[in-house]
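In: Here's my sequence, what's the structure:
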Amino acid sequence: MPKVVFREDRCKSCGQCVIACPVNIIGFTDRLNEKGYRPAGIPAELMEKCIGCTSCGRMCPDLVITVYK
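Out: Here you go, the predicted model:
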């Protein structure tokens, strides 16, 4: 099963990963990072739906996302 890791401290909430996800499981968290943004992430209960396509990581302009297959 793929695993997606977000470096929440670097996320600027641009939403490119949300748009790029073909299974629509990425969203914004309710907490703020140290820069004042709501970082993107995948809820633990939805991680099993990830297909490991790496679209989110390729779209991220700040290299926030790492996809492990």
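In: What count of nearby residues applies to F6?
Out: The number of residues packed near F6 is 20, by other C-beta atoms under 10 Å. Bear in mind the C-beta positions are built from the backbone N, C-alpha and C, glycine included.
In: With C17 instead?
Out: Around C17 there are 24 residues (other C-beta under 10 Å).
In: Look up which helix or strand the residue lying closest to C14 once chain neighbours are set aside falls in, please.
Out: Counting by C-beta to C-beta, 6 or more residues apart in numbering, the nearest residue to C14 once its immediate chain neighbours are dropped is P61, at 6.6 Å. For P61, there is no host helix or strand (DSSP states H and E).
In: Check Y37 too.
Out: Short version: Y37 belongs to no helix or strand, going by DSSP H and E.
In: Once you drop chain neighbours, what's closest to it?
Out: S13 (4.2 Å).
In: returning to what we had before: pretty sure the residue nearest to C14 sits against G15.
Out: No: judged on C-beta atoms under 8 Å, P61 makes no contact with G15 at a distance of 11.0 Å.
In: These two: which has the busier surroundings?
Out: G15 (13 against 9).
In: so what's that one closest to, chain neighbours aside?
Out: A40 (7.4 Å).
In: And for the residue nearest to Y37, the neighbour number?
Out: 16.
In: Who does the residue nearest the centre of the chain form a beta bridge with?
Out: What sits nearest the mean C-alpha location of the chain, by C-alpha atoms, centre = their mean, is G41, with 4.1 Å. Beta-bridge pairing of G41 under DSSP bridges involves G27.
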